[in-house]
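Asks: Quick one, what's the 3D model for this:
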Amino acid sequence: MKLTKVFGGLFALFLLGVALSALLFENVPPTHVGVKQNQWGGGVVSEDYSTGFHLGVTGVHKWYLLDRRTHFLTFAEGQTASGLNQERPSLEIRTTDQNMASVDVTLSYRIKPGEAHLLVGEGLRAVYRDRVISTVESVLLEQLAQLTSEDFYSTETRLARAEATMPELVKALAPLHIEPEALLLRAVRFLGGYEQRLQDKQLTYQMKLLATAQLRVETELQVTGTMEKEIEAAEKDLRGTWDKELQQMKSDNEVEIAQIFGDADLYDKQTRSEALADYETMISEGNLAIDKAEALRNELRNKALDTQGGAIYLAQQAAENLNIATVTLNSNDPNVPSILNLSELVEILVGTQK
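Replies: As a prediction, this is how the structure comes out:
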């Protein structure tokens, strides 16, 4: 029961919040601009309100929503107006050469940013679209009447006239707080007989342009052919010059290479000869040094052996190398040396035994 009351209270608060927001705030959608008016004095507020929620008390303020998107005004036959599109019959223009032409035109426009509140304040909210139609039609009738019949099938002339008409439309629509964006001349039609004659004339003009273009093409082909021959001759001349220079450079390079190889071979032989001579000299000097060292070694050895120590050394070597097959020992004779005592044997061999 308590839970039901809680949910009931929350739902009541939600409904109250929705009601208060509806009474106190106004939602301006992204496609529109909002204008607020004080109903108790003060008139229209001098501000354009953008997308979002804005304070607006019901009964105190009144809101107007104006479409900020691009509008299209089309003068053409067989069209149906809908939404942002406004359709009117084709414009009947009398050209400067006194021919009647039906012209299809489309103009895109929008409310000037920041001036929607001025449009509402001046009482134009309900009638500005009709006023745009009459104003644009008046300007177009005046501007397009400055063209001749032949001007209409010249793309450059039509575009130039449309561009020149835009400043006039800007000036004429400024009091309505409207700015034009683009003007397109879509089609033009003349009376049956004149239409055919005009088409034939246009065809003749196009054929003339085609003939002129073909003449230019042929002239350019002649110029191109002459240039090709000149280029071909210049190419042959350059190829001959380059071939001659290439052969000359090749011959010079071959001579230089042969000279380099000759110099290298001569250097190799000279270096090898000098190295061989140095080698032989060094071998001879080395052998001489070895011989001198050997002679010195023998000399020093003989000097060393010629001393008493040398005699002892030689005796010891002889004793060590003595090979006695059989020995008869007499233990009764003390003068008989023992071969097992090398020192005594050495003294005997040297001659120093007492």
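
Asks: Quick one: end-to-end distance for stretch 66-77.
Replies: 28 Å (Cα to Cα, to the nearest Å).

Asks: So what touches that stretch?
Replies: 31-33, 35, 84-91, 102-111, 113, 116, 119-120, 125, 129, 132-133, 136-137, 140, 181, 186-187 (Cβ atoms under 8 Å, 6 or more residues apart in numbering). Bear in mind the C-beta positions are built from the backbone N, C-alpha and C, glycine included.

Asks: out of these, which are inside strands?
Replies: Residues of these located in strands (DSSP state E): 32-33, 35, 85-88, 91, 102-111, 181, 186-187.

Asks: which of these count as buried?
Replies: Buried members of the ones in strands among the contacts of stretch 66-77, counted by 16 or more other Cβ atoms under 10 Å: 32-33, 35, 86-88, 91, 102-107, 109, 111.

Asks: and the longest helix for the protein?
Replies: For the chain, the helix with the greatest residue count under DSSP state H is helix 192-305.

Asks: Now that one: average pLDDT?
Replies: For helix 192-305, mean pLDDT rounds to 81.

Asks: From the chain's centroid, how far away is it?
Replies: Remark: helix 192-305 is offset 36 Å from the chain centroid, using Cα atoms, centre = their mean, to the nearest Å.

Asks: give me phi/psi at the closest residue to residue 99 other than its chain neighbours?
Replies: Nearest non-adjacent residue to residue 99, counting by Cβ to Cβ, 6 or more residues apart in numbering: residue 149, 4.8 Å away. For residue 149, the backbone dihedrals (degrees, to the nearest 10) come out as phi -60, psi -40.

Asks: Pretty sure residue 149 sits against residue 97.
Replies: Yes - applying Cβ atoms under 8 Å, one finds residue 149 in contact with residue 97, separated by 5.5 Å.

Asks: Give me the more crowded residue out of these two.
Replies: Remark: of residue 149 and residue 97, residue 149 carries more neighbours, 22 against 10, as counted by other Cβ atoms under 10 Å.

Asks: Domain parsing of the chain, as residue ranges.
Replies: Listed by automatic domain parsing, the domain ranges of the chain are 2-67, 71-190, 207-300, 307-350.

Asks: Deepest in the core, which of the ones you listed is it.
Replies: domain 71-190 (a mean of 16; mean count of other Cβ atoms under 10 Å).

Asks: Quick one: end-to-end distance for it.
Replies: Distance across domain 71-190, first residue to last, is 29 Å (Cα to Cα).

Asks: list the contacts for residue 188?
Replies: 101, 102, 103, 104, 152, 153.

Asks: CSV for the residues you listed, including distance to residue 315 and pLDDT?
Replies: Formatted as CSV, those follow (distance: Cβ to Cβ, whole Å; pLDDT from 0 to 100):
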residue, distance to residue 315, pLDDT
101, 155, 86
102, 155, 89
103, 151, 91
104, 149, 93
152, 149, 81
153, 146, 77
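
Asks: Output those residues in TSV; the columns should cover distance to residue 253.
Replies: Shown next, in TSV, are the contacts of residue 188 (distance: Cβ to Cβ, whole Å):
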residue	distance to residue 253
101	82
102	84
103	80
104	79
152	75
153	71
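
Asks: Good, wrapping up.
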